[in-house]
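Asks: Output the structure for:
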Amino acid sequence: MKRMTALCFLLVAMLPAACAARQAVAVPADVTFVSRAPIQLDVSSVAVDQRYRNSSTPPFVEGTHQVTPSGIAERWTNARLVAVGNRGIATLTVMDGRVTQESLAVKGGLTGLFGDQNDTRLTAHLKARLTVSVPGSSGASANYEANVEARAERTILQSASLNDRDAAYMALMNALAEQFDATLTGEIGKNMAPVIR
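Replies: Residues are numbered from 1 along each chain as shown. Sure, this is the predicted structure:
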């Protein structure tokens with residue numbers, strides 16, 4: 001009996017420490033690229049071709065949120081690509097923008113009762129291709145291409161509130177946006193130097 005009482009006391013004593021360990025982390029409420037310098041292209045227009053259609057049919061969840069991977073690609077295009085030429089077109093084609101939600105197995109017993117375990121995994125994908133076509137004086141066009149495929153993942157604790165889960169989704173979107181921006185910026189620098197101004 002004494003052993004059981006001591007165990008209960010120990011477990012109750014551990015609860016405040018476990019709760020204190022879960023501190024709120026500031027997560028941006030939106031995804032923006034305003035702090036990044038624009039990329040000036042020698043074209044007359046910039047367009048987005050959305051090939052991916054958002055879904056809210058499980059396991060896909062991007063359709064249930066305002067911020068989506070395909071929307072991030074469009075925001076990136078509007079914020080970072082600037083047409084400064086008088087002919088030609090730059091087109092960002094979005095081919096994948098899915099976010100999947102997966103339930104994770106949790107342990108039972110004392111570990112399950114007193115341990116805060118991850119019960120959900122969110123995985124986001126964003127795949128796009130930027131093409132630039134500039135007609136030449138002889139009638140032939142000069143074509144350039146840059147491809148990007150970004151992926152990010154987040155796990156969520158059992159104890160997470162709805163607000164915590166929304167924050168985890170936004171953290172996922174910001175991580176995806178950073179990877180997308182860095183990768184595509186690098187590919188543009190490597191593959192499109194003749195049309196960068």
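
Asks: now the strands: where do they sit in this structure?
Replies: Counting by DSSP state E, the chain has strands at residues 39-41, 45-50, 81-83, 89-96, 99-103, 118-135, 141-157.

Asks: Pull up the pairing partners for the fourth one, direction included.
Replies: Read it as strand 89-96. strand 45-50 (parallel), strand 118-135 (antiparallel) (DSSP bridges).

Asks: again, but for the last one
Replies: Strands flanking strand 141-157 in the sheet, each with its direction: strand 118-135 (antiparallel) (DSSP bridges).

Asks: mind listing what's buried in the partner strand?
Replies: For strand 118-135, the neighbour count (16 or more other CB atoms under 10 Å) marks 119-120, 122-134 as buried. Backbone N, C-alpha and C define where each C-beta goes, glycine included.

Asks: Give the rounded mean pLDDT of it.
Replies: What strand 118-135 shows for mean pLDDT is 97.

Asks: what distance separates that strand from the middle of the whole chain?
Replies: 8 Å (CA atoms, centre = their mean, to the nearest Å).

Asks: Now that strand - C-alpha only, PDB.
Replies: Output of strand 118-135 as PDB, limited to C-alpha atoms (Å, rounded to 0.1, in the frame of the first residue of the first chain):
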ATOM      1  CA  ASN A 118       2.200  12.200 -30.700                       C
ATOM      2  CA  ASP A 119      -1.100  11.000 -32.200                       C
ATOM      3  CA  THR A 120      -1.100  12.800 -35.600                       C
ATOM      4  CA  ARG A 121       1.300  13.400 -38.400                       C
ATOM      5  CA  LEU A 122       0.800  16.100 -41.100                       C
ATOM      6  CA  THR A 123       2.800  15.900 -44.300                       C
ATOM      7  CA  ALA A 124       2.800  18.600 -47.000                       C
ATOM      8  CA  HIS A 125       4.000  18.400 -50.600                       C
ATOM      9  CA  LEU A 126       4.500  21.200 -53.100                       C
ATOM     10  CA  LYS A 127       5.700  20.500 -56.600                       C
ATOM     11  CA  ALA A 128       5.900  23.100 -59.300                       C
ATOM     12  CA  ARG A 129       7.700  24.000 -62.600                       C
ATOM     13  CA  LEU A 130       8.600  27.600 -63.700                       C
ATOM     14  CA  THR A 131       9.000  28.000 -67.400                       C
ATOM     15  CA  VAL A 132      10.100  31.100 -69.300                       C
ATOM     16  CA  SER A 133       9.600  31.500 -73.000                       C
ATOM     17  CA  VAL A 134      10.900  34.600 -74.800                       C
ATOM     18  CA  PRO A 135      10.400  34.900 -78.600                       C
END
